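>>> Quick one, structure for this:
(2 chains, ligands or ions: 6)
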Amino acid sequence: MSAEQTSLTKAKETPAASGSPLLEVTGLTKHFPVMGGFPFKRQVGAVQAVDNVSFTVGAGESLGLVGESGCGKSTTGRLVTRLYEPTSGSIKYLGQDITHAGRKELAPIRSEIQMIFQDPYSSLNPRHTVGTIITNPMEINGINPPGGRDARAKELLEIVGLNPEHFNRFPHEFSGGQRQRIGVARALALNPKLIVADEPVSALDVSIQAQVVNLLQGLQRELGIAFVFIAHDLSIVRHFSQRVAVMYLGKVVEIADRDSLYSSPRHPYTHALLSAAPDADPDNAAAERIRLTGDVPSPLNPPSGCRFRTRCWKAQEKCATEEPPLIQLAGNAEGHLTACHFPEDGSSKPVGASSVPKARDAAELKPKAAKAEGTPKAEGTPKAAKAGAKAEGKAEAEGKTEGKAEGKAEAEGKTEGKAEAKTDAKADAKAKGEKSED
Amino acid sequence: MSTLTKSESGTAPKAGSAFLSVHDLQVRFRTEDGIVKAVNNLTFDLEKGKTLGIVGESGSGKSVSNLAVMGLHNPRNTTIEGSITLDGQDLLRASQKDLEKLRGNKMAMIFQDALAALSPYYTIGRQIAEPFMKHTGASKKEGRDRAIEMLRRVGIPQPQTRVDDFPHQFSGGMRQRAMIAMALVCDPELLIADEPTTALDVTVQAQIVDLLKDLQQESGTSIIFITHDLGVIREIADDVLVMYAGRAVERGTMREVLKSSQHPYGWGLLSSIPRINASVDIPLMPIPGTPPSLLNPPAGCAFNPRCAYRELVPGDKCETERPPLAPANGHLSACHLTDEQKQSILTEQILPRLSS
Ligand SMILES: Nc1ncnc2c1ncn2[C@@H]1O[C@H](COP(=O)(O)OP(=O)(O)OP(=O)(O)O)[C@@H](O)[C@H]1O
Ligand SMILES: Nc1ncnc2c1ncn2[C@@H]1O[C@H](COP(=O)(O)OP(=O)(O)OP(=O)(O)O)[C@@H](O)[C@H]1O
Ligand code: SF4
Ligand code: SF4
Ligand SMILES: [Mg+2]
Ligand SMILES: [Mg+2]
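Residues are numbered from 1 along each chain as shown, chains lettered A, B, ... in the order given. Ligands and ions are numbered 1, 2, ... in the order given. Model prediction:
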C-alpha cells in the first residue's frame, strides 16, 4: 500500500513558475436556476450554491474542504474540474485561465486534474467491468504504463486494498466501500497532478480508510500530487490537509493552516462543527456538543448580511445588515482568515474541551419545542390500512437490487474520464423526467 | 462448517423469540470466477425498540446480510440459507407477495448508495409521497404535505420548494436525507439503516441520530444501524456486531465491544480510529495485510493471515480450525486465544494504545 509500490511517474516537473500556485480560484460563483410557473416554466429564482469563493492550492498541497451538508463543497469541486460552468469568477491552473476554456484547450490538462466522485456507484459505468473502468481512461489519454494497462490496473486495485481477482467483475457486484475504492484507483490511473477528492473514504471502515489515506499521503509527498480534499470526518481532514477551508451556505467562512484552525477557530460555525465530532469512547463525557438550532437557511434565499446569523448565538444587528468580510482578524495566525463581526476569542480549545457559552443553553432548549410540534405520528393510520399498500415500495426497491434500471440508464451516458459528457447526459435525462412529470 | 454450526447455535438464543431473529444465515453469489461466500453462519437477535449496530470491514457482508432480511437479492444468482424471522414470520419462506406487503411498511431500509436508490426521473417529493399515499390512501395533496413534513424533519431547508427537486439537484447529504425520509414515511417497525450518515457533516449527523432515537422512543422502532463510524455507534447502539469476511467475529453490548473488545480484528479496528488531536506526522495505523478473498477464504480463522497473535495459539489451530463465536470474558468472540490471553492483551497492549 505504500506509494513506492506504485509506478506513477514523477509529475513531469513541478510548476515552472513557482510564483503561481497550481490552482488559483478567485470569486468563484455558481447559481443554479430554479424553474417554476405554469404552464410555461421560467426561471423563478436561483440556488446560490457557491458564492464568491477564493482559495489557492499549491503543488503537493492538500486543501481540506469541510462544511454543512449542502453548503456547496461538491459544486466547488465540480467547478474546479470544469464539470460545471461557473456563473462568475475565475479558475487558474498553473497560471492558465481555464474558467471558460473549451474542450480543445482543456484536452491537454484533462488527465492532470482528476475527480473522485461522492457517489461511487453512479460514477461507474454499470456495463463495464472494473478492469475496463480503470484501463479505459488510460487508453483515452494515451497512457502506456510499463507492463501494460491491465497489469497496471491490477496493481492499482491491489494498492487500494481490492483483490486483483475483482478485475472482471461489474460494479454492482461490489460493496459500497469497494466501489469507492474503484473510484480512487481510476483517478490514480492517469498520473494526475491535482485530485479533487469528494468524500473519498467516507464508505470505508477505519482500517481500510487508514490504508487509503496513507496511500494518498504517500502520493502527495513523493509525487507532489495536490488535493482538494472534501470530507466530513474532521480527524481525517486534519490528518490529510495542510490547510482547511470551512464553508457555510456557499461561502468560505474560515480558512487557515490546520493547526491554527483546529486549535483556535474564530468563526462560531467552525466552533459548532468541531464540537460536534463524535467520539468513540463511551467514557469520554459526552463532550458538550453545540447543537445548531434556529432556522436552517436555504441557498435559494440566503439570509442578508452574515449567512450564519439565523443560527448564530452571537448574532447582533450588524450581522443582518453587513456581510462580514473574510479577513485576517487581530490575533489570527498568518493566513488565518475569518468572516465574522463578533468572532470567538480563539483561545478556547474547542476540540474535546468544554467551553460552551451560556447563551447556547438557551438555544439548545429550542429544538425540543420545535420537535414536539414537528412530530406527527403516522397521522392516526389504522393498522389494517398498513398492510394493503406496500406494492410500490417493492417496485422501487426491485430496481435497486436488480441492476438498478434507472441508475443505469443515467450512468450510461457517462464515459469514464470524459466527465463533460457525463453531466450533460444527466441533465438531459433529468429534463426528460421533468417533462413526463407534467 | 458443519462442526461449527453446532457450537454456534448453542450460544445463540432460540430463534423466533426476538422481534427479528437471524439464524445461521448464509448468502452465496454465483459469479464468473466462482462462488462468492458473502455471508456465513450469521446469527443475531434484535428486540423491539432496540438498536443493533453492525460494524466491520468494507466488503464483509454487512449490506448483503441485511438485503437478505429485506428479501432484495436476485434469486437468479443468489443462494440464501438459514432462517430469518420477523415478528414470528419466516421471511425466507415468505412469498414475494408477502414480502412486498412488509417492505416499506413493517420493515424499511435506508440504502447505502442514495443516488443509486433514488430514481432520477421523479421528484424527491413524489418518491417520498408515493409509498405513503398507497399505504394510507392519502390524497396527492396529503402525500405532498407529508413529504414536505418529512423533508423538514430531516433538515432540508425550504422543503416546500425543494420537494419538487429531482435527485440530481440535491447535494450528496441531502439525497441521503431524502432516502431517510423515504424509509421513515410509513413508520416502519424495523428500520435497517445502511450507513445512513456517511455523507453528512457532524452537526447534521447528530440531528439525524437524534431523530432516529426520538422515533424509536415514540414508536418502539427496532433499528439495525450499519456504520463505520464508531463514534456514532457509541451514540446509538445498544448491541454491536462486528463482521469480518462474511462472519460475525464479535458480538456484545456497545460498551463491551468498544471498551473491552475480545477479538484481534476488533482491536485492529479500534486502533485505526483517527484521533482529532493525534500528531499529523505519524501515519494512521491500518491493520496490516489485505482483505481476504471471499472466493477462497483462508482456512481456519479467516483473519489468520493478518493476525499478530496467532503464534500465541498452540499448533496450527488458527490455520485449520474455525473458531466458534463463543463467550469470552462477558461477550461473544470468535478467536482461539484463551480468555486469559485476550484479557491480558486487551489491558496490557490495546487499551494503553487507545488512550495514548
Ligand atoms: N445540478 C444542480 N441543480 C440545482 N441545484 C443544485 C445542483 N447541484 C447542487 N445543487 C444545490 O446546490 C447546493 C450545494 O450542493 P453541493 O452538492 O455542492 O453540496 P455539498 O456541500 O457537496 O453537500 P454534501 O456534503 O451534502 O454533499 C445544494 O443546495 C444543492 O441542492
Ligand atoms: N451481486 C454480487 N455478486 C458477487 N459478489 C457480491 C455481490 N454483492 C456483493 N458481493 C460481495 O459480497 C461481499 C459483501 O458485500 P457487502 O456489500 O455486504 O459488504 P459490506 O460489508 O456492506 O461492505 P461496505 O462497508 O463496503 O459497504 C463483498 O466482498 C462483495 O464484493
Ligand atoms: S457575523 Fe454575526 S452572525 Fe455571523 S458568525 Fe459572526 S457573530 Fe455570528
Ligand atoms: S483465531 Fe487465531 S488468527 Fe484468528 S483472531 Fe484468534 S488468534 Fe488471530
Ligand atoms: Mg457533496
Ligand atoms: Mg455495505
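>>> quick one, strands of the stretch 201-350 of chain B?
When secondary structure is read from DSSP state E, counting those that start in this stretch, the stretch 201-350 of chain B shows strands at B:222-226, B:239-244, B:247-253, B:326-328, B:331-333.
>>> Turn the ones you listed into JSON lines, including distance to A:Val44 and mean neighbour count.
Backbone N, C-alpha and C define where each C-beta goes, glycine included. Below are these laid out as JSON lines (distance: least, CB to CB, whole Å; neighbours: other CB atoms under 10 Å in any protein chain shown):
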{"stretch": "strand B:222-226", "distance to A:Val44": "40", "mean neighbour count": "25"}
{"stretch": "strand B:239-244", "distance to A:Val44": "48", "mean neighbour count": "25"}
{"stretch": "strand B:247-253", "distance to A:Val44": "53", "mean neighbour count": "24"}
{"stretch": "strand B:326-328", "distance to A:Val44": "63", "mean neighbour count": "16"}
{"stretch": "strand B:331-333", "distance to A:Val44": "58", "mean neighbour count": "24"}
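>>> right, so of the ones you listed, which gets closest to ligand 5?
Minimum separation from ligand 5 across those (CB to the ion) falls at strand B:222-226, 20.9 Å.
>>> shaky segments in chain A?
Low-confidence segments of chain A (pLDDT under 70): A:1-19, A:37-40, A:285-287, A:347-438.
>>> If you could redo that for chain B, that was the one I meant.
In chain B, residues with pLDDT under 70: B:1-16.
>>> From the centre of it outward, give me the first residue you hit.
B:Ile226 (3.0 Å; CA atoms, centre = their mean).
>>> For that one, list the residues it contacts.
B:53-55, B:62-63, B:66, B:112, B:192-195 (CB atoms under 8 Å, 6 or more residues apart in numbering or on different chains).
>>> Go through those and name the one nearest ligand 4.
B:Val55 (16.2 Å; CB to the nearest ligand atom).
>>> what's the nearest residue to the closest one if we skip its chain neighbours?
Closest residue to B:Val55 in three dimensions, ignoring its sequence neighbours and counting by CB to CB, 6 or more residues apart in numbering or on different chains: B:Val242, at 5.6 Å.
>>> And for B:Lys342?
B:Gln262 (4.8 Å).
>>> For that neighbour, grab the count of nearby residues.
Neighbourhood size, B:Gln262 [other CB atoms under 10 Å in any protein chain shown]: 26.
>>> Okay, it and B:Ser60: tell me how far apart.
Taking CB to CB, to the nearest Å as the measure, B:Gln262 falls 18 Å from B:Ser60.
>>> cool, and B:Ser21?
For B:Ser21, the distance to B:Ser60 (CB to CB) stands at 21 Å.
>>> neighbour-wise, which of the two wins?
Higher neighbour count among B:Ser21 and B:Ser60: B:Ser60, with 29 against 24, using other CB under 10 Å.
>>> my guess is the more buried one meets B:Tyr244, correct?
Yes. With contact defined as CB atoms under 8 Å, B:Ser60 counts as touching B:Tyr244 (5.4 Å).
>>> Closest one to ligand 6 out of the contacts of B:Ile226, please.
Distances from ligand 6 to the contacts of B:Ile226, taken by CB to the ion, are shortest for B:Ser63, at 3.1 Å.
>>> which secondary structure element contains the closest one?
helix B:62-70 (DSSP states H and E).
>>> which strands and helices sit next to that helix?
The elements that helix B:62-70 packs onto, with contact taken as 3 or more CB pairs under 8 Å, 6 or more residues apart in numbering or on different chains; DSSP states H and E, are strand B:20-31, strand B:34-46, strand B:51-56, strand B:78-86, strand B:107-110, strand B:190-194, strand B:222-226.
>>> quick one: which of those strands is nearest ligand 1?
Closest of the helices and strands packed on helix B:62-70 to ligand 1 is strand B:107-110, at 15.3 Å (criterion: CB to the nearest ligand atom).
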